[in-house]
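Student: let's see this in three dimensions:
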Amino acid sequence: MFWLSLDAFLTRIRRHREPLSLVLDGLAVALAWQATYLFRLGFDRWISARPRYDLWVMLGLVLLYVLVLWLLRVPRGMWRFSGFGEVKRLLFACLIAGSLGATGVLMAELKAVPRAVLALHPVFCVIVLAMTRMGYRMLYEHMRSRISGGSVESHRVLVLGAGHAAQLLLAGIQHQGWVVVGLLDDDPAKREARAGGIPVLGSLDDAGRLAALHGITHVIVAMPSASPKQRRRALDLAAGTGLHVLTVPSSAELMSGSRLEQLRDVEPEDLLGREPVQLDEAGISEAISGKVVLITGAGGSIGSELCRQVARFAPQKIVLYELSEVALYQIEQELTEQFPRIPLVRLIGDVKDLEHLRHTFARLKPQVVFHAAAYKHVPLMEEENAWAALRNNTLGTYRAALAAAEAGAERFVLISTDKAVNPTNVMGATKRAAELVISHLSAQGHATRFMAVRFGNVLGSSGSVIPKFKEQIAKGGPVTVTHPDITRYFMTIPEAARLVVQAAAMGETGQVYVLDMGEPVRIVDLARDMIRLSGHSIDEIRIVFTGLRPGEKLYEELLGDSDTAIPTPIARLSVAKLDDAVAAAAVLDWLSELLASGGASLDDASVRQALRRLISEFGARDRS
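Tutor: Below you'll find the model as predicted:
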């Protein structure tokens, strides 16, 4: 198509915009000199009446005008955006050059050059130079309208990646108002090549320079099959342009049914730069396929993803056990749409209600139980809600695990947290106590295998920092971070859920699985990345430090001082063998004592004191 070819040609020569502009402006000045003679002397005399040195005068004036235009940085202007401001700059440049030129001619006593020509030449120069730019703008806008159906370029795009994914992306978005200017790729074999009619303009490192040169409004990272490290580098280079960055779905998302043209904003999980853990799919299928699976907290962030992951392995039935009516409805609707052949049992229930748990387990006979129901918000549980956290996180775990054992479940998997390691807050201490509950029950000779999975912060989960940052950025800031040095381990919700499912398949009773989560992430760096990738700068959206909240650590740990890490056949997945046998043996007496004391009357201080009696490391040292 002619217009696509013209657009590609203009894109290729745009990197030479300034020298080309000077050359064309020089030709325009020469043309204006001829037009001025024609206007002053007419067709009969505009050649014959000139002095013999007229050519040298014209060349001198051309060089003078080019020099003035260059000094005033006129060639840096983009012709396709020319307007009244550009005309004013041209008028100013031509007045200066015309005055200097006329003065030079008069001082050289070149009297044969008509004075009227010297006076009118700057006017003709302004007209010709302005007409050149306006003509280019009209041509450009007409070309844009023929290509995209409209002359306004609201989405002018640079694509990082020139592989098969980029070619499919071009086919999907070029007729949706996106104008793809060029592609960037580090592969030398692709330099100066074309994909879908779009030129490869350079390497990924050229993103910042080319974005400014071509008036780019959006950068798209189209590298779904690249390694996390390569993808992270591309995202960093894209963010460095200061523009809004979009990306195509990842390889995992494409396998789940997403399409390449379904562009989305960059999510924090795209920034992790960590290879996914390779799991034992066959072993998981054997443990879940054809089984009745019950999930407590089924509507929560982790619980709902567990439902999706479990459904992939064709269980006989999924029992959704959830206290929130809204959350239960949402996950039930999603599973019904995505997995219509899997029967669902939808139960509104509370893990603190032992009788209802016993009735449910006895009636449905679940073989695999995932216990995801928990209160997890650290500051919220720290003040005024310590007893609620203890009842739900610890007592609720005991009652759900007891009901599972009485019903003869094969496996019971507790969802734990890195905050249970050397806890400094109530939430972490109650989850550590829940681990001790599992450790105790595993030693009681039950047929049920009891195990736990411990991981760090889950990106995008309810109450996490990511949704909060997104909301603050959308409002224009400021983004609040508690401390400049605070770090956290992060993993994605699907990654966390797959780890839990893997633990259910291979775990032995009394074990806690821990994922090697790589290097911890500084929260302030995560905030800066999210601001940059949204197309803003730190100057536009400030980061404000608010101070550590009650019970909050500067850093988290995945193993306690007394825990022993044991490798497993799954790379980067280890087992923490719990050695606190004394506390595990005392946990039931401790729970019974708390219940007998009338928990509703326990204040926060009393709950903390009770937790310290069971968990010696709770508050034993300052980790903030």
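Student: and the strands in the stretch 351-500 of the chain?
Tutor: Across the stretch 351-500 of the chain, reading from the start of the chain, the strands by DSSP state E, counting those that start in this stretch fall at 368-371, 411-417, 449-455, 457-459, 479-481, 487-488, 490-492.
Student: below-threshold pLDDT in the stretch 201-350 of the chain: ranges please.
Tutor: Residues of the stretch 201-350 of the chain that meet the criterion pLDDT under 70 lie in 250-262, 268-269, 271-279.
Student: residue boundaries of the helices in it?
Tutor: Along the stretch 201-350 of the chain, the segments classed as helices by DSSP state H, counting those that start in this stretch run 207-213, 228-239, 251-255, 281-288, 301-311, 325-338.
Student: right, and the ones you listed - which one's nearest Leu441?
Tutor: The closest approach between Leu441 and any of these, judged by CB to CB, belongs to helix 281-288 at 19.6 Å. Quick note: C-beta positions are derived from backbone N, CA and C, even for glycine.
Student: ok now that closest one, how far from the chain's centre?
Tutor: On the basis of CA atoms, centre = their mean, to the nearest Å, helix 281-288 is displaced by 32 Å from the centre of the chain it belongs to.
Student: who's in contact with it?
Tutor: With contact meaning CB atoms under 8 Å, 6 or more residues apart in numbering, helix 281-288 is reached by Val310, Phe313, Ala314, Pro315, Val368, Arg411, Val501, Gln502, Ala504, Ala505, Met506.
Student: still on that earlier bit, looking at the helices of the stretch 201-350 of the chain, which is buried most?
Tutor: When neighbours are counted by mean count of other CB atoms under 10 Å, the highest per-stretch mean among the helices of the stretch 201-350 of the chain falls to helix 301-311, a mean of 23.
Student: contacts for that helix?
Tutor: Helix 301-311 is contacted by residues 288, 293, 295-298, 318, 320, 322, 327, 330-331, 334-335, 338-339, 342, 370, 372-373, 415, 458, 460-462, 464, 493-494, 496-498, 500-501 when judged by CB under 8 Å, 6+ apart.
Student: low-confidence ranges, the stretch 51-200 of the chain, go.
Tutor: The low-confidence ranges in the stretch 51-200 of the chain, as defined by pLDDT under 70, are 78, 80-81, 142, 144-154, 172, 174-177, 196.
Student: same check on the stretch 401-550 of the chain?
Tutor: Within the stretch 401-550 of the chain, the set of residues satisfying pLDDT under 70 comprises 456-464, 516-518.
Student: now the nearest residue to Gln34 once chain neighbours are set aside: phi and psi?
Tutor: Ranked by CB to CB, 6 or more residues apart in numbering and with sequence neighbours excluded, the top spatial neighbour of Gln34 is Trp46, at 7.8 Å. Backbone torsions for Trp46, taken as degrees, to the nearest 10, come to phi -70, psi -10.
Student: give me every residue that touches Trp46.
Tutor: Contact partners of Trp46, counting by CB under 8 Å, 6+ apart, are Gln34, Tyr37, Leu38, Arg40.
Student: select only the buried ones of these in PyMOL?
Tutor: In PyMOL syntax, the buried subset of those is picked out as below (16 or more other CB atoms under 10 Å):
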select buried, resi 37+40
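Student: could I get the contacts of Trp46 as CSV with distance to Lys190?
Tutor: Formatted as CSV, the entries for those read as follows, by distance: CB to CB, whole Å:
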residue, distance to Lys190
Gln34, 46
Tyr37, 51
Leu38, 51
Arg40, 56
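Student: a markdown table please, covering the contacts of Trp46 and showing distance to Pro379, pLDDT and secondary structure.
Tutor: Supplementary listing: those in a markdown table, determined by distance: CB to CB, whole Å; pLDDT from 0 to 100; DSSP: H, G, I helix; E, B strand; the rest coil:
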| residue | distance to Pro379 | pLDDT | secondary structure |
| --- | --- | --- | --- |
| Gln34 | 78 | 86 | helix |
| Tyr37 | 82 | 83 | helix |
| Leu38 | 81 | 83 | helix |
| Arg40 | 83 | 77 | helix |
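Student: most widely separated two among the contacts of Trp46?
Tutor: The distance between the two most remote of those (CB to CB) is 11.0 Å, for Gln34 and Arg40.
Student: which elements pack onto the strand or helix carrying Arg17?
Tutor: When secondary structure is defined using DSSP states H and E, the element that contains Arg17 is helix 17-45. Contact partners of helix 17-45 among helices and strands, from 3 or more CB pairs under 8 Å, 6 or more residues apart in numbering; DSSP states H and E: helix 54-71, helix 115-148.
Student: quick one, that helix and helix 115-148 angle?
Tutor: 130 degrees (axes from the mean of the first three to the mean of the last three CA atoms, to 10 degrees).
Student: tell me which residues in helix 17-45 are buried?
Tutor: When neighbours are counted by 16+ other CB under 10 Å, the buried residues of helix 17-45 are found to be 17, 21-22, 24-26, 28-30, 32-33, 35-37, 40-41.
Student: stretch 605-616 too?
Tutor: Taking 16+ other CB under 10 Å as the basis for neighbour counts, the residues of stretch 605-616 that come out buried are Val607, Arg608, Ala610, Leu611, Leu614, Ile615.
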